[in-house]
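A.B. asks: sharing a sequence plus its predicted fold:
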Amino acid sequence: MDKRKSLPLQYLSYQCVIITSCLGFIFSSLDAQVNTFDGKSFKPYKSAYFKPKRGLQYNLYLSTLLTVDPLGIGGKSTYALGVGSRINIWESKVSGHNLQGLKITGFYTGFGYDLYPQQSDDVYASLWLRLKTFMPITGKIDVVYSYGNELKGLSSRYCVGFEIKNIAVLLTGSIHNFTSPVFGDHPHLNSPYSNVGSIMLIVPVYKHFPVMK
């Protein structure tokens with residue numbers, strides 16, 4: 001047999017042996033990651049399996065608002081329909097049934113939009129606080145930007161209320177800066193509607209909480 005023809009065949013056989021050995025080593029390493037006991041397969045413990053998936057936690061909500069005049073300043077009631085989002089900053093992982101006394105259960109931020117069909121509209125940013133007593137209590141502070149009728153202005157809104165099955169009922173009071181060097185006259189300055197106080201209903205419609213993996 002010609003040696004020149006046998007050399008490539010020997011070289012090819014050596015390559016096959018090397019490749020087969022490498023594949024056998026890889027598969028044996030993978031098999032070593034799975035242990036079999038009593039006919040069941042188990043993987044070695046890794047702490048990463050029990051760590052929560054990181055991600056932004058938030059919910060989206062719809063809201064309705066009815067203005068009232070608790071101080072008797074004057075003005076007709078009006079209403080607003082809104083949408084918004086509440087974003088988790090920190091939330092307690094302890095079960096609500098295990099909480100006793102007055103406990104803080106979460107801090108949140110958020111933003112929203114209120115549409116007033118009868119007057120200027122509002123865009124606001126919020127800072128939320130949730131407490132647990134014998135029932136969940138919710139409070140938030142809003143910085144409100146109002147615009148309409150070619151006017152715009154800022155006000156602050158303070159809200160406190162309670163939750164029933166994640167639906168929040170809030171009583172609110174607003175403080176207006178009716179004139180400012182930056183924005184000029186506030187849209188509510190000459191409004192026939194009362195904007196000092198209101199009753200707000202917030203209904204969550206979607207929650208995004210990353211699951212444990």
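C.D. replies: Cool, got the structure.
A.B. asks: stretch 171-190: end-to-end distance?
C.D. replies: 24 Å (Cα to Cα, to the nearest Å).
A.B. asks: who's in contact with it?
C.D. replies: The set of residues that contact stretch 171-190 without belonging to it, under Cβ atoms under 8 Å, 6 or more residues apart in numbering, is 65, 70, 119-120, 144, 146-149, 151-161, 195-200. C-beta: built from backbone N, CA, C; applies to glycine.
A.B. asks: hmm, which of these are the buried ones?
C.D. replies: Members of these that pass the buried threshold by neighbour count (16 or more other Cβ atoms under 10 Å) are listed as 65, 119-120, 144, 146, 151-153, 155, 157, 159, 161, 195-200.
A.B. asks: quick one: the strands in this protein?
C.D. replies: The residue ranges that make up the strands of the chain, judged by DSSP state E, are 35-37, 40-42, 58-68, 79-91, 103-115, 121-132, 136-148, 151-164, 167-176, 179-180, 184-185, 197-208.
A.B. asks: the closest residue to residue 168 other than its chain neighbours: neighbouring residues, count only.
C.D. replies: With Cβ to Cβ, 6 or more residues apart in numbering as the criterion, residue 168 has its nearest non-adjacent residue at 4.2 Å, and that residue is residue 202. When neighbours are defined as other Cβ atoms under 10 Å, residue 202 has 24 of them.
A.B. asks: again with residue 179
C.D. replies: Neighbour count for residue 179, taken as other Cβ under 10 Å: 11.
A.B. asks: how much space between it and residue 115?
C.D. replies: The span separating residue 179 from residue 115 equals 25 Å under the rule Cβ to Cβ, to the nearest Å.
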